[in-house]
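Peer 1: quick one: sequence and predicted model below, then my questions.
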Amino acid sequence: MKQLKHVMRLITGLVVLGSLLALAACAEKQQAAAPAEAKVEKEAIVWKLAQTWGTGFPIFGDAVIKMADMVKEMSGGELEIRIDSANKHKAAFGILDMVNAGQYEMGHSASYYWKGKDPNTMFFSTMPFGMIAPEQYAWFYYGGGMELMKKVYDQHGVYSFPGGNTGNQMGGWFRKEINTLDDLNGLKMRIPGFAGEILSKLDVVVTNIAPGELYTALDRGTIDALEWVGPSLDLNMGFQKIAPYYYTGWHEPATELQFMVNQAAFDALPEHLQKILVIAMQYAAYDMYARSYHDSAVNWASIEEEYPDVKIRTLPPEIIAEMKRVNLELLAESAANDPVFKEILESQTAYMKMARKWTEISDYAYLKDNLE
């Protein structure tokens, strides 16, 4: 019996010792895990983004918000992007400079706004009589467009990415009807990009005005006409209250906005955050294209009933022909003076020539035979 009691005491002691050892091992594991947990809970990387658009601006601004929300969610809060609208930074056309300087890590704008600084940037928004949106997206991602865009923006310390497409834009709102080339003489019009260069040659007084100032400029007679986007955004701006003539497009068949990222800031990000940011920008851009198309279709369907005084017009063939002639002349002049301009022009021209054959036999043939 004494021997049995001795064995029981020994077993009890071993159990207690084992429990103590287990507790000690658990404590060691917790101490070892503490630094790893601290790493997971490290402070988020916070970036700032400046946009050309005002606070609450639909579609364009919504695309930026969607991108930022996706980045935060996909990164688990590791990267946050805070958005400053033009109302705050007061520099709607200063986005490129601010991102280049590192004042903002990111920006959202339109590439052709920088034509005064670098004419080669215009190609990455849209060009008159150029590619439609599907053709242009194909050129960007599979026809060498992204590489050419990087070549241009490397000179400015910025990475540029497609930032959302409006599709084919309307030709603009005019106070008076345009019937001849003489009607363009002295006309004051807000129109950006290469289209502005063309109209300047046709004696139009061309200016560029920030989005938030467009209605006031048209209302006060500072300008006689303007182009903005299309029914997705134009009707909400109220231009139809002032200028009754609404012309179909020729100048912006596939207007692509852009996300800009400071190169040094992007390169300093961990690789997984770089990938998350690129994916979020690409998704937001495509989503904006779909949203723009939807809103334009909805608003166009209501235009006759809600705005019966709006007069839809197309520029006369002789004016279109003259604009095409001037366009080719200006393109040739610029290409002769700038090898990079020439390289991008040749790339877009060749790609459009190839892709347009498919566009004609697919979408165009279908629509031509099925429009009621």
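Peer 2: Yep, it's here.
Peer 1: now do stretch 78-93: distance from first to last residue.
Peer 2: Chord length of stretch 78-93, first to last residue, is 30 Å (Cα to Cα, to the nearest Å).
Peer 1: pick out the residue closest to the middle of this protein.
Peer 2: In the chain, the C-alpha nearest the mean C-alpha coordinate belongs to residue 163, at 2.2 Å (Cα atoms, centre = their mean).
Peer 1: what about it, which SS state?
Peer 2: With DSSP: H, G, I helix; E, B strand; the rest coil as the basis, residue 163 sits in strand.
Peer 1: quick thing: my sequence starts at 467, can you match it?
Peer 2: From this message on, residue numbering opens at 467, which makes the last subject residue 629.
Peer 1: give the contact list for it.
Peer 2: 529, 574, 575, 722, 723, 724, 725, 747, 750, 751, 754 (Cβ atoms under 8 Å, 6 or more residues apart in numbering). Where you see a C-beta, it was placed from the backbone N, CA and C, and this is true even at glycine.
Peer 1: any chance you could map the helices in the stretch 717-838 of the chain?
Peer 2: 729-734, 737-772, 783-803, 805-825, 831-836 (DSSP state H, counting those that start in this stretch).
Peer 1: backbone phi and psi for the closest residue to residue 676 other than its chain neighbours, please?
Peer 2: Spatial nearest neighbour of residue 676, excluding adjacent residues (Cβ to Cβ, 6 or more residues apart in numbering): residue 558 at 4.0 Å. Dihedral pair for residue 558: phi -60, psi -30, per degrees, to the nearest 10.
Peer 1: ok, how many other residues are close to residue 558?
Peer 2: 22 (other Cβ atoms under 10 Å).
Peer 1: surely it touches residue 526?
Peer 2: No: using Cβ atoms under 8 Å, residue 558 is not in contact with residue 526; the gap is 11.8 Å.
Peer 1: quickly list what's touching both of the two.
Peer 2: 518, 519.
Peer 1: of the contacts of residue 629, which is the nearest to residue 634?
Peer 2: Taking Cβ to Cβ as the measure, residue 634 sits nearest to residue 722 out of these, at 12.2 Å.
Peer 1: hmm, back to that, any idea what the nearest residue to the residue nearest to the centre of the chain once chain neighbours are set aside is bridged to?
Peer 2: Nearest residue to residue 629, sequence neighbours excluded (Cβ to Cβ, 6+ apart): residue 723, at 3.8 Å. Under DSSP bridges, the beta-bridge partners of residue 723 are residue 576.
Peer 1: tell me who's in contact with residue 723.
Peer 2: 526, 529, 574-576, 591, 628-632, 751, 754.
Peer 1: CSV for the residues you listed, including pLDDT?
Peer 2: CSV is the format used below for the contacts of residue 723 (pLDDT from 0 to 100):
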residue, pLDDT
526, 98
529, 98
574, 99
575, 98
576, 98
591, 98
628, 98
629, 98
630, 98
631, 98
632, 98
751, 98
754, 98
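Peer 1: hang on, the earlier thing: how close does the residue nearest to the centre of the chain get to residue 606?
Peer 2: 11 Å (Cβ to Cβ, to the nearest Å).
Peer 1: name the residues contacting each of these two.
Peer 2: Residues touching both residue 629 and residue 606 comprise residue 722, with contact defined as Cβ under 8 Å, 6+ apart.
Peer 1: thinking again about what came up before, can you list the contacts of residue 723 in CSV and add distance to residue 798?
Peer 2: Below are the contacts of residue 723 laid out as CSV (distance: Cβ to Cβ, whole Å):
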residue, distance to residue 798
526, 33
529, 35
574, 33
575, 28
576, 25
591, 21
628, 28
629, 30
630, 31
631, 27
632, 28
751, 32
754, 34
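Peer 1: farthest pair in those residues?
Peer 2: By the measure Cβ to Cβ, 529 and 591 form the most distant pair in the contacts of residue 723, at 15.0 Å.
Peer 1: so who does the closest residue to residue 740 other than its chain neighbours touch?
Peer 2: Using Cβ to Cβ, 6+ apart and skipping residues adjacent in sequence, the residue nearest residue 740 is residue 732, 6.4 Å away. By Cβ under 8 Å, 6+ apart, residue 732 lies in contact with 571, 625, 740, 743.
Peer 1: distance check, residue 732 against residue 608.
Peer 2: Per Cβ to Cβ, residue 732 is found 23 Å from residue 608.
Peer 1: and what of residue 717?
Peer 2: Plainly put, residue 717 is 25 Å away from residue 608 if you go by Cβ to Cβ.
Peer 1: tell me which of the two has more neighbours.
Peer 2: Using other Cβ under 10 Å, the more surrounded residue of residue 717 and residue 608 is residue 717, with 26 against 10.
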